[in-house]
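In: pasting the sequence and the predicted model now:
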Amino acid sequence: MPDSIPPSSGTTIAGNLGAPAVCEHCDWGYLVPAGEAMPVCPHCRQRVLTPVDSSAAGQPVESELVATFDVADVDLGRGLQRFASGFLFKPADLSAGNLRSRLQRVYLPRWLVDCDVQADWRAEAGFNYQVVSHEDQFSDEARKWQSREVREMRVRWEPRVGRLARRYENVVAPATEEDEAVRQRLGDFNLTFAVPINGRLPDAALIRTANRSPDDAWTDAVPVLRQRAVAECRNACRANHIREFDWSPQYGTRHWTQLLLPVYASYYQDADNVLHPVFVHGQTG
């Protein structure tokens, strides 16, 4: 399940995984690994990143979990070759070898929110049952009427009401305005084996900083909380289905951290010397 992530370990770290910087051309912000020179922006390839004063960058955000770079080298090579071969009139600079030599690791953020929820709820719970009947048909071969058993699955709907009190952890919400575009271009990420950061990243990489606030991202987290509540209520009813779910949630204090997603950045140059960024999925290539 792509968006299934392990529960919180209860331990997060301060978001000081690098020095804050920004691209003054495309306005993407990053954390640059300590001690490294400011690189060219991997998003637009137009400007060297500009350092940002830490006090002006605002309160650092805790980064809790990271999905690691685990694409097999052979799969990465095949993906780059497939991309480079997909142009009818490709620039001379566009080759799998060039793309590979320019690969740069970048982490993209998503918000994680932990929240206590209390709610009265009502719904219709559906229970599968089987109906057995018999159908008579005339057989031309046997020259007589024959009966056959017919089994039909039906759903019995019953009203249910209850009260829910739960703490939901690691509810995922977009942290950047470009999150959906990334999904469409690269596909989703397998979060099942996301690991705690524990003070440092497993790989030195740029970290894209969020450009959506937690308050803005909360509107995307609420439907996910509702989905979790629906699933829990269905399980509590031991039902096969649930419909007409209605609840009146009261949300407790929200604790926000971040999940980091692995992406490779590269580029190629066209005949007019224009640089074109290329992004590669860090898990599948």
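Out: Cool, the structure landed.
In: so what secondary structure elements neighbour the lengthiest helix in the chain?
Out: The longest helix of the chain (DSSP state H) is helix 214-237. Applying 3 or more C-beta pairs under 8 Å, 6 or more residues apart in numbering; DSSP states H and E, one finds that helix 214-237 contacts strand 104-139, strand 144-174, strand 241-269. Quick note: C-beta positions are derived from backbone N, CA and C, even for glycine.
In: right, so of these, which gets closest to residue 72?
Out: Set against residue 72 and scored by C-beta to C-beta, the helices and strands packed on helix 214-237 come closest in strand 241-269, at 13.2 Å.
In: what stretches of this structure score poorly on pLDDT?
Out: For the chain, the stretches with pLDDT under 70 are 1-16, 55-60, 199.
In: follow-up on the earlier one: a markdown table for the helices and strands packed on helix 214-237, including distance to residue 27 and mean neighbour count?
Out: Converted to a markdown table, the helices and strands packed on helix 214-237 look like this (distance: least, C-beta to C-beta, whole Å; neighbours: other C-beta atoms under 10 Å):
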| stretch | distance to residue 27 | mean neighbour count |
| --- | --- | --- |
| strand 104-139 | 15 | 16 |
| strand 144-174 | 17 | 13 |
| strand 241-269 | 17 | 18 |
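In: right, so of those strands, which gets closest to residue 76?
Out: Residue 76 sits nearest to strand 241-269 of all these, at 7.6 Å, using C-beta to C-beta.
In: now do the closest one against helix 214-237, angle only.
Out: 140 degrees (axes from the mean of the first three to the mean of the last three C-alpha atoms, to 10 degrees).
In: pairing partners for strand 241-269, with directions?
Out: strand 63-66 (parallel), strand 104-139 (antiparallel), strand 275-281 (antiparallel) (DSSP bridges).
In: show the contacting residues for residue 73.
Out: Under the criterion of C-beta atoms under 8 Å, 6 or more residues apart in numbering, residue 73 has no contact partners.
In: on that earlier part again, nearest to residue 228, out of the strands paired with strand 241-269?
Out: strand 104-139 (8.8 Å).
In: angle of the closest one against strand 144-174?
Out: 160 degrees.
In: turn the strands paired with strand 241-269 into CSV, columns for distance to residue 39.
Out: Converted to CSV, those look like this (distance: least, C-beta to C-beta, whole Å):
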stretch, distance to residue 39
strand 63-66, 20
strand 104-139, 7
strand 275-281, 13
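In: residue 137 versus the residue located most distally from the centre of the chain, what's the distance?
Out: Going by C-alpha atoms, centre = their mean, the residue of the chain most distant from its centre is residue 143, 62.5 Å out. Counting by C-beta to C-beta, to the nearest Å, the separation of residue 143 from residue 137 is 13 Å.
In: hang on, the earlier thing: of the strands paired with strand 241-269, which approaches residue 87 most closely?
Out: Closest approach to residue 87 among these (C-beta to C-beta): strand 275-281, 10.8 Å.
In: the closest one: which residues count as buried?
Out: 277-281 (16 or more other C-beta atoms under 10 Å).
In: please name the nearest non-neighbouring residue to residue 39.
Out: residue 49 (6.2 Å; C-beta to C-beta, 6 or more residues apart in numbering).
In: can you count the residues close to the one you found?
Out: Neighbour count for residue 49, taken as other C-beta atoms under 10 Å: 23.
In: please begin residue numbering at 795 from this point
Out: Got it, first residue is 795 now, which makes that one residue 843.
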